[in-house]
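Colleague: Make a model of this:
(one chain, ligands or ions: 1)
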Amino acid sequence: MNEKLWGGRFSRSTDKLVEKFNASIDVDKRLYDSDIEGSIAHLKMMAKESIITRDEADTLIAGLGKVKEQIENNEIEFSAGLEDIHMHIEDALGKVAGDVAKKLHTGRSRNDQVALDVRIYLKKETRLIINLLAGFQIALVKMAQKHLDVIMPGYTHLQRAQPVLFSHHLMAYYEMFKRDIERFEDCFKRIDVMPLGAAALAGTTYPLNREFTKDVLSFSKVSDNSIDSVSDRDFVMEFISHASITMIHFSRLSEELILWSSSEFSFITISDSFTTGSSIMPQKKNPDVAELVRGKTGRVVGNLVCILTLMKSLPLAYNKDMQEDKEPLFDTVDTLKICTDVYTRMFENIKIHKDRMVEACKQGFLNATDLADYLVSKGMAFRNAHAVAGQAVAYALNLGKELNDLTLEEFKDLSDLIEKDVYEFITIDKMISRRISYGGTGFDNVKKAVKKAAGELGL
Ligand code: ARG
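Modeller: Numbers count the residues shown, from 1 in each chain. Below you'll find the predicted structure:
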């Protein structure tokens, strides 16, 4: 007979290479506390329903407490022979509690057990991630509050377009991360479903009280279909896709910070503690944190492709392929957590060069749209006004001037609707304050948006 916990029907022992190949312990050992939590709930339920005696349950629960300590004190040696964390814990329980440990797995399969463990783990991690993201939103809003009226060029196609408030730009990211949090909150509902009791796939012959197990583990509902319970990894796919979107937001912000901290832009300086030097060029100060976050986005998107490809074409119910779900999931959780954490801290250490930002608004005809708006205010149709402003740009460009450098005579040559008040109309300040449409960059709008966000965050 094969020595394994499942070895009854096997006459030969497992090939050593297969043992190594088959094992997931190196990856799933981090589920040990979720696994023990799930087993304790299962034991309590079985005692309540008299599937095992109260004494047996008490012995096994105390034993699991000891096993937990042993794992935390590194007293248990993990080996490929015992495959995964579930078998290691059952084996260790046998050593601590004796033969009665063999009752733990009554009415249960590793298929529903692993689904439960991952859900317990991911509920905790999702909560943590939501809190970390809210922490980053606080950093964004604080920066927006601090630089409420700083003006910078807004870009489209990475070409200077129109002046905007720097705080408005930051609040765009606040909105993005707000949606990210909403997505995680929403996906939490689907993680928060208790699958234990599905057993291998068909349910079990024991009178399990799944509602009770669900309550002990603080889940919101029990899963309704035993086949789905052990086959479903939608919540993993969903979680990693939300994480990918969040990482893409960080990556876009990274790209901006990298540009802004370059000599070409010089809009910001990232503190020495959050940048690194070059081993050959003494003058270098590199925005590594932003670059690494941008780079790590690739890993998370890779994890998404991995889990989607893994699940594609899998017949119901459990297949061993699904053991491969944990690496991309854990890596996603770890990457997202550290990126959010390091970003929040870096943000508090960024200096803004507001003079450079506003200076950059003075070149590149950022007031061309406003010149057109000026003509509209004097009665010209917008399309015609657009054409006149375009001619003004071409004319000024030729002379190496900006629009506000043109003389009134030059303006009048372009349109006799233009008067002296045009100069005031196309100043940077006026351009901002006139953007009064809801959601626009007008001073009052942004002040209100920042205040609302501060309220949402309890600041
Ligand atoms: N280590 C396995 C996994 O992570 C546990 C479930 C194994 N079930 C089985 N029938 N072999 O997926």
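Colleague: Any part of the top helix by length along the chain near the ligand?
Modeller: Counting by DSSP state H, the longest helix found in the chain is helix 110-146. Yes. Interface with the ligand: helix 110-146 contributes 110, 111, 114 (C-beta under 6 Å from any ligand atom). From N, CA and C alone the C-beta is placed, and that goes for glycine too.
Colleague: any chance of those in CSV, plus neighbour count and pLDDT?
Modeller: As requested, those are exported to CSV (neighbours: other C-beta atoms under 10 Å; pLDDT from 0 to 100):
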residue, neighbour count, pLDDT
110, 22, 98
111, 21, 98
114, 26, 98
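Colleague: residues from the protein in reach of the ligand?
Modeller: Going by C-beta under 6 Å from any ligand atom, the residues of the chain near the ligand are 24, 28, 84, 110, 111, 114, 318, 320, 322, 323.
Colleague: from those, which two are the most distant?
Modeller: Across the residues of the chain next to the ligand, no pair lies farther apart than 28 and 318, at 14.7 Å, counting by C-beta to C-beta.
Colleague: which residue sits closest to the residue of the stretch 251-400 of the chain found nearest the ligand in space, ignoring its chain neighbours?
Modeller: Per C-beta to the nearest ligand atom, residue 323 is where the stretch 251-400 of the chain lies closest to the ligand, at 3.6 Å. Using C-beta to C-beta, 6 or more residues apart in numbering and skipping residues adjacent in sequence, the residue nearest residue 323 is residue 24, 5.0 Å away.
Colleague: cool, and residue 430?
Modeller: Excluding the flanking residues, the one nearest residue 430 by C-beta to C-beta, 6+ apart is residue 424, at 6.4 Å.
Colleague: do residue 300 as well
Modeller: residue 247 (4.5 Å).
Colleague: The one you found and residue 354: what is the separation?
Modeller: Applying C-beta to C-beta, to the nearest Å, the value for residue 247 to residue 354 is 30 Å.
Colleague: And residue 360, by the same measure?
Modeller: Distance from residue 360 to residue 354, by C-beta to C-beta: 11 Å.
Colleague: ok, the two, which is more surrounded?
Modeller: Just comparing residue 360 and residue 354: by other C-beta atoms under 10 Å the higher neighbour count belongs to residue 360, 19 against 15.
Colleague: can you pull the pLDDT of the more buried one?
Modeller: According to the prediction, residue 360 has pLDDT 96.
Colleague: Now do the same contact list for it.
Modeller: 152, 153, 160, 265, 267 (C-beta atoms under 8 Å, 6 or more residues apart in numbering).
Colleague: Which ones among the residues you listed map onto strands?
Modeller: Under the assignment DSSP state E, these contribute 152, 153, 160 to strands.
Colleague: Who wins on neighbours among these?
Modeller: Going by other C-beta under 10 Å, residue 152 tops the ones in strands among the contacts of residue 360 with 26 neighbours.
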